[in-house]
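J.: Whatever this is, show me its structure:
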Amino acid sequence: MTKQIHEQLINLVDNQSLEEFISLYSKHSSLLKSYQHMELLFRSCRLGLLSFVEYILNSKLIDINCSHPSTGYPLLFISIRSQKHGIIKYIIQQTDANINWSCQTNGITCLNEAIRQSDYSTVMLLLEQGCIINQSHLFGTIIECFRQRDKNMHPLIILDELINRCPKLIDKIDRQQLTQFILNRSHCLLSNSNSVLIDINCSHPSTGYPLLFISIRSQKHDIIKYIIQQTDANINWSCQNNGITCLNEAIRQSDYSTVMLLLEQGCIINQSHLFGTIIECFRQRDKNMHPLIILDELINRCPKLIHEIDREQLTQFILNRSHCLLSNSNSVVCSLLEKFSLNINYDLVNEISLMSMKQNKQIHRTQVGIIGCGPSGLLLGALLFRSGIDSIIIEEQSRSDVESNTRAGVLEQSTIDSLDEVDINERVLKEGIIQRCINIQFNGERISVPITEYTEGKVSTFYSQNLVVQDLIESRLKTNQRLWFDIEYARIERHDKTDDGQRPLIKFRRRNSNKEELIECDFIAGCDGGASKCCRHSIPKSEIRTIRKSYPYSWLSILVDSPPNGYEVVYSFDKTNGFALQSLRSPTKSRYHLQVSVDDKLEDWPDERIWSQLNKRLTLKDKSWKLNEGAIIHRALFPTRTSMTIPMQYKRLFLVGDAAHIVPPTAAKGLNVAVKDARILAEAIIDVYDNNTTDKLDNYTDKCLIHISEAVEFATYMTSLLHKLDLSNENNEINEFDEILQQARQHQFQHSSALRRHIAQMFVS
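T.: The predicted structure is shown next:
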């Protein structure tokens, strides 16, 4: 009775039928449990239905500050996250609303979320009601200054408001920490070109250096390129004190690409640049490009400087630095410089080949390089972007192929929460099929497991993997983040070095292109799937091990153009024929899985045999349930197996999702475990940039193994509980022993409510 009333109320909320909702809720609300009230309240909030929210809260059957059963976030926080301003205003105006709520796990507040949304009106509402300001709000506002997305209100205005209301925060803040925090997010400045609050040529308050000079000094190449390309940028700036220029600094860094950018934009060359380049020839440090090549470029572009230079002065300048040659091991350079100093022979310098820099390559710089555009790679990029950290994602397949993969479709509550955190929630809320109950059947006898009741409000959501991927791709491209499909091959280098000052490289080539391109980054995330053609194989075999288990059967999976009976999942064990599963994909389509022999082929399973076996395995003893047959629009065979690669990291390379582990499909954990991996890695990388510590990064594998092991254990348990152990029907002592254990487990499930509660909890978390 209660279950039916609750489902009717949910449907009335979805259909926005307020009068019918009020009528039914007023009559039966006392029968509902607290988690059912919460689901009605939070769903109304997410849909922006203020009248429903008001009515539910006015019933006084639920607290306005109640926490979401999974995330722990209160109603106000969730209304800010989903930008439902009518509900936000209503809640803030209630005297019993806790506007200063703070998450015990990460300290995030409602004001933090309003800042993250650049929601000026909500920020002002909270501040006017006396909301407490702390340093996290300042740092959060700074992150938003870098994020590339359309904003109704620039975050600098919010920052100004916070400082005006709480000026003491500025005095207490750690300036060094703040500076590093800003620099670590400088990659995201590339397309943030709308600000008119500050001049691109403004001077640093202490050194007097402009932004271009500082970006060259700190070697932030994306920013350098962006500034140089702006028509109002003064590339010929010169320091009044010492005459140093931006070109001088690029030469000092032996930064050939920046030198060329400046010269191509018409940067003026003078003798100080020649002398500066000669100095760099003697300096002992690793260089990607020897300064002699830069010297050659300067002379070619301004040959008159050679005729104007004082040869005696130049000779003495070189001789005064000749002691540096003693420890310079490059004999070719030594001999060139010797001739250069004695003969002043610029023609000899011109013989240095520029071929090494004229190869058909292009370098892209970022903070995190992500290989693989599945849910884990996309979510990792979204979580990093949320914290102002730049990434590039490359993918072997085309966009259409990636977006059409319907392999997985059951999202745990924690996965929904993660999508919600990165603002991927609108379509899943409207189109996702909520599952509050699962059915497990043994030999025609079915037991219903009310997972929402057992977990006090948590649910599973049926929403296909291809839709998750579509939503994440759309969001990433909308915010101008780099994502490239159709990558023909990729390989990684320098990921195994941590102390040579060099950054990891991803070398790749696009399909139908002969040009090799490079991604230079701080970290590489291997999200390239179970085959992991690139990443897992880039770790020395001596450094990792992969634990595998294969089962003596496969799954035949079909997609059917008809709705499932009852819109509920049915797991079924049949001692004669084996396992079958009715799942959901949409209100009009069903997914079915059948246990088949590992040697079977698709042609062994015509439609008639499939429906015959599904009926035998899913039909109840009392014949009260009937299978909805329909046209089979897709079918596939895949093995039942599991694997775990340990460790999931090697130096600056980190494996995520299927690249590190495969979970048996019985419990629908694969996508959800990958999402957990992505969350943990994102938190660890953010910690590096925020706090300059690698503790979380070093502990990545150990932390991931906790949820991976739990998922594998649960999936293995469900597999052994529900599958016929030997389809060949060959009796032996081992099979007989395993069958006795299986029968014991099935008996426990049927007679232990505590075990069913545990299984319900494992399904949703």
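
J.: Could you check the pLDDT of Thr277?
T.: The model reports Thr277 with a pLDDT of 76.

J.: If you tally nearby residues, what's the number for it?
T.: 23 (other C-beta atoms under 10 Å). C-betas here are computed from N, CA, C, even on glycine.

J.: cool, Gly372 as well?
T.: 28.

J.: Would you enumerate the residues in contact with the residue nearest to it when sequence neighbours are not counted?
T.: Spatial nearest neighbour of Gly372, chain neighbours left out: Cys527 (3.4 Å); criterion: C-beta to C-beta, 6 or more residues apart in numbering. Taking C-beta atoms under 8 Å, 6 or more residues apart in numbering as the criterion, Cys527 is in contact with 370-374, 376-377, 380, 535, 656-657, 659, 674, 678.

J.: which SSE is the most centrally placed residue in the chain in?
T.: Nearest residue to the geometric centre of the chain (C-alpha atoms, centre = their mean): Leu380, 1.4 Å. Element membership for Leu380, per DSSP states H and E: helix 375-386.

J.: buried sites along that helix?
T.: Within helix 375-386, the residues that count as buried by 16 or more other C-beta atoms under 10 Å are Pro375, Ser376, Gly377, Leu378, Leu379, Leu380, Gly381, Ala382, Leu383, Leu384, Phe385, Arg386.

J.: Centroid-wise, who is the farthest residue in the protein?
T.: Most peripheral residue of the chain (C-alpha atoms, centre = their mean): Glu312, 60.1 Å.

J.: Just to be sure, it is in a helix?
T.: Yes - counting by DSSP: H, G, I helix; E, B strand; the rest coil, one finds Glu312 located in a helix.

J.: just to revisit the earlier point, tell me which other helices or strands the helix holding Leu380 touches.
T.: With contacts taken as 3 or more C-beta pairs under 8 Å, 6 or more residues apart in numbering; DSSP states H and E, helix 375-386 sits against strand 368-371, strand 391-394, helix 413-421, helix 465-478, helix 670-691.

J.: at 10 Å instead, please
T.: With contacts taken as 3 or more C-beta pairs under 10 Å, 6 or more residues apart in numbering; DSSP states H and E, helix 375-386 sits against helix 135-146, strand 368-371, strand 391-394, helix 413-421, helix 465-478, strand 482-484, strand 523-526, helix 670-691.

J.: now these in a markdown table, with mean neighbour count?
T.: Listed next are these as a markdown table, based on neighbours: other C-beta atoms under 10 Å:
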| stretch | mean neighbour count |
| --- | --- |
| helix 135-146 | 20 |
| strand 368-371 | 30 |
| strand 391-394 | 25 |
| helix 413-421 | 22 |
| helix 465-478 | 18 |
| strand 482-484 | 18 |
| strand 523-526 | 28 |
| helix 670-691 | 22 |
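
J.: Leu725 is nearest to which of those?
T.: Leu725 lies closest to helix 670-691 among these, at 22.8 Å (C-beta to C-beta).

J.: ok now the closest one, how far from the chain's centre?
T.: In terms of C-alpha atoms, centre = their mean, to the nearest Å, the centre of helix 670-691 is set 8 Å apart from its chain centre.

J.: Tell me the first helix or strand C-terminal of that helix.
T.: helix 695-698.

J.: Please work out the average pLDDT along that following helix.
T.: The average pLDDT within helix 695-698 is 96.

J.: Which residues does that helix contact?
T.: 523, 649, 652, 654, 680-681, 683-688, 703 (C-beta atoms under 10 Å, 6 or more residues apart in numbering).

J.: buried set for that helix?
T.: Under 16+ other C-beta under 10 Å, the buried positions of helix 695-698 are Lys696, Leu697.

J.: Specify the residue ranges that define each domain of this structure.
T.: 2-187, 200-361, 367-709 (automatic domain parsing).

J.: Out of those, the one nearest Leu725 is which?
T.: Proximity to Leu725 (C-beta to C-beta) singles out domain 367-709 among the domains of the chain, at 8.1 Å.

J.: Find the nearest non-adjacent residue to Ile610, please.
T.: Per C-beta to C-beta, 6+ apart, closest to Ile610 is Ile558, 6.4 Å.

J.: Kindly state the beta-bridge partners for that neighbour.
T.: Tyr592, Arg635 (DSSP bridges).

J.: Check what pLDDT Asp286 gets.
T.: Reported pLDDT for Asp286: 47.

J.: hmm, I was thinking of Leu169
T.: On the pLDDT scale, Leu169 gets 77.

J.: Could you list every helix and strand in contact with the helix or strand hosting it?
T.: For Leu169, the host element (DSSP H and E) is helix 168-172. If you count contacts as 3+ C-beta pairs under 10 Å, 6+ apart, helix 168-172 packs onto helix 135-146, helix 155-165.
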